[in-house]
Structures are given as structure tokens and as C-alpha cells.
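# sequence-free structure coming up:
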């Protein structure tokens, strides 16, 4: 368990939000953190979830060269 220090104003807002959602402050913080992580997923994380395509395997310069050679 980690203790967070926040302003009294933020603590009051958090407490009110938690009461409105019928949650503890801890549960609300966990949900907000998870929502933030989901909303701000890194592009590299997204790329890892995509299927692997053979088109983009290899050295970037080799890929560019082969793509240019396709058109000649």
C-alpha cells in the first residue's frame, strides 16, 4: 500500500465523487487510473497488439528500397 499526499480540496472532491459512485476513495482512484491508462495507451503498446505483417520485417532501409523497386 502506498500513501498519496493530495491537497485538502482534491481530497474533498475525491471523497464526494467516491460517495456519489458508492465506492471507497481507493476504488475510485484505481478506476480513474485504469481509465487514464486505457485512454492514453502508448502507440508502441498498440503496435504490439497488431498482427505481425511480413511486409515490415527487416531493416528499414531494405524495406524502403524494396518498396521503391516495386514501382520501377
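On my side now, so go ahead. Quick caveat: nothing in here was measured; it's all calculated off a predicted structure.

# pretty sure residue 14 is touching residue 31, no?
No: counting by C-beta atoms under 8 Å, residue 31 is not a contact partner of residue 14; they are 11.7 Å apart. For every residue, glycine as well, the C-beta is placed using N, CA and C.

# give me the more crowded residue out of these two.
Of the pair residue 14 and residue 31, residue 14 is the one with more neighbours under other C-beta atoms under 10 Å, namely 16 against 13.

# list the residues that contact that one.
Residue 14 sits next to 6, 25, 28, 29 when contact means C-beta atoms under 8 Å, 6 or more residues apart in numbering.

# contacts for the lowest-mean-pLDDT helix or strand in the chain, please.
Least confident helix or strand, the chain: helix 43-49 with a mean of 72, by mean pLDDT, DSSP states H and E. By C-beta under 8 Å, 6+ apart, no surrounding residue is in contact with helix 43-49.

# how far does the helix or strand just after that helix sit from its chain's centre?
Helices and strands here follow DSSP states H and E; after helix 43-49, the next one along the chain is helix 60-70. In this view, helix 60-70 has its centroid 32 Å away from the chain centroid, taken as C-alpha atoms, centre = their mean, to the nearest Å.

# for helix 60-70, give the mean pLDDT please.
Mean pLDDT, helix 60-70: 82.

# so which residue is smack in the middle of the protein?
Closest to where the C-alpha atoms of the chain average out (C-alpha atoms, centre = their mean) is residue 41, at 2.1 Å.
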